[in-house]
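K.L.:
got a predicted structure here, sequence first:
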Amino acid sequence: MANPKLGGTQNFLRAHLSVFDAMDICKELGLKIWIRDDGKFQKHRSVERLLASLQFHDELVAGVVGRLGDAMAGAGHKGFVAPIKDRPDFEHLEAKGAERLRRGRKKRARRPKRK
């Protein structure tokens, strides 16, 4: 996550790219490495695509956290701790994430049922 309070996108990129630079050095030295990379950066090495993936996941997490918080409040619970809620742009991310979740639900609803 690229929390603006913690350096935002620049800090995320610095950390992410540093890890991949270190892994590249390890490979050059003949070490076997295995990387689980949800953003697929190891394959495409595109900072633009990496940032798009980061934005997608930030929005999705915020949307789920917002929906879960609403459900918990509706059931009489006070809520839960989620670091993404501390971000200054949480409400913006939550709105975009909620829209992504709505679109995803509509797509699933239209799929024909398998026999």
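P.N.:
It's in.
K.L.:
just the strands from the protein, written as ranges.
P.N.:
Assigned by DSSP state E, the chain shows no strands.
K.L.:
mind listing the helices for it?
P.N.:
Per DSSP state H, the chain carries helices over the ranges 8-28, 41-44, 47-74, 90-110.
K.L.:
got the buried residues for the last one?
P.N.:
When you say that, I think you mean helix 90-110. 90, 93-94, 96-98, 100-101 (16 or more other C-beta atoms under 10 Å). To be clear about C-beta, it is placed using only N, CA and C from the backbone, and glycine gets the same treatment.
K.L.:
packing partners of that helix?
P.N.:
On a contact count with 3 or more C-beta pairs under 8 Å, 6 or more residues apart in numbering; DSSP states H and E, helix 90-110 meets helix 47-74.
K.L.:
now the helix it packs on and helix 90-110, what's the angle there?
P.N.:
Per axes from the mean of the first three to the mean of the last three C-alpha atoms, to 10 degrees, the angle that helix 47-74 makes with helix 90-110 is 90 degrees.
K.L.:
flag every buried residue along helix 47-74.
P.N.:
50-51, 53-54, 58-66, 69.
K.L.:
surely residue 80 meets residue 72?
P.N.:
Yes: using C-beta atoms under 8 Å, residue 80 makes contact with residue 72 at a distance of 6.6 Å.
K.L.:
need the contact list for the residue most central in space within the chain.
P.N.:
Centroid-nearest residue in the chain, with C-alpha atoms, centre = their mean: residue 57, separated by 2.2 Å. Residue 57 makes contact with 1, 38 under the criterion C-beta atoms under 8 Å, 6 or more residues apart in numbering.
K.L.:
can you pull the pLDDT of it?
P.N.:
Note for residue 57: predicted pLDDT of 93.
K.L.:
state the distance from it to residue 82.
P.N.:
14 Å (C-beta to C-beta, to the nearest Å).
K.L.:
for residue 71, same thing?
P.N.:
13 Å.
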